[in-house]
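K.L.:
fold the stuff below for me.
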Amino acid sequence: MNQKYFIAIIPPEPVFSEVEKIKLEISQKYNNKSSLRSPAHITLHMPFEMKAEKEEGLLEKISEFKFSPSFKVRLKDYSCFEPKVIFIDVEKNETLNVLQKELVFHIKSNLNIFNQYEDVRAYHPHVTIAFRDLKKQDFYLAYQEYKTRSFGAEFSVNSFFLLKHTGKVWLPLKEFSFS
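P.N.:
Residues are numbered from 1 along each chain as shown. Now for the predicted structure:
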């Protein structure tokens, strides 16, 4: 049986709870639930599938990845990928870009898992607050509201997470600290 995974940075408290509150607010107001099925995160490697019995090997190979030093990420205001995704933007951060690129390369080289969007579009780190089941008309209403709001938060990054899909939601399976 295949299992779904992805790799992401999960913000620490209190940033995590602030973003979760925004996701819940937009979900209740615009009747979309997709963003509530995963914790607030910045994706480093898009979702992929592999056989469940290979999970131990996956964990081992990911644990071999080393990255340093820790760095800061700043979340600032709202943006979108029209016409379905509303997100909190991540300020440009070269260290984050290097982490993502090196991690994707490590996964590809050691596990033969390819990030499907790697060659199609550039990495654009963000924290999704609404997507997929947000109806087109609601997207425009919600984005009109959120693009006028401000949001700011900063946190240190010294680890990332492997998340696993339960069949209903994504949950953190394991945290990997930088060396």
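K.L.:
any idea what the nearest residue to S63 once chain neighbours are set aside is bridged to?
P.N.:
Closest residue to S63 apart from its sequence neighbours, by Cβ to Cβ, 6 or more residues apart in numbering: F176 at 6.1 Å. No exception for glycine: its C-beta is placed from N, CA and C like everyone else's. Beta-bridge pairing for F176 (DSSP bridges): F160.
K.L.:
gap between the closest residue to H41 other than its chain neighbours and S79?
P.N.:
Among residues not flanking H41 along the chain, A8 sits closest, at 3.8 Å (Cβ to Cβ, 6+ apart). Distance check for A8 against S79: by Cβ to Cβ, to the nearest Å, it reads 18 Å.
K.L.:
which of these two has more residues huddled nearby?
P.N.:
Neighbours per residue (other Cβ atoms under 10 Å) separate A8 from S79, with A8 holding more: 23 against 17.
K.L.:
distance of the more buried one from Q28?
P.N.:
Separation of A8 from Q28 (Cβ to Cβ): 24 Å.
K.L.:
go on, V127?
P.N.:
With the distance defined as Cβ to Cβ, V127 ends up 18 Å from Q28.
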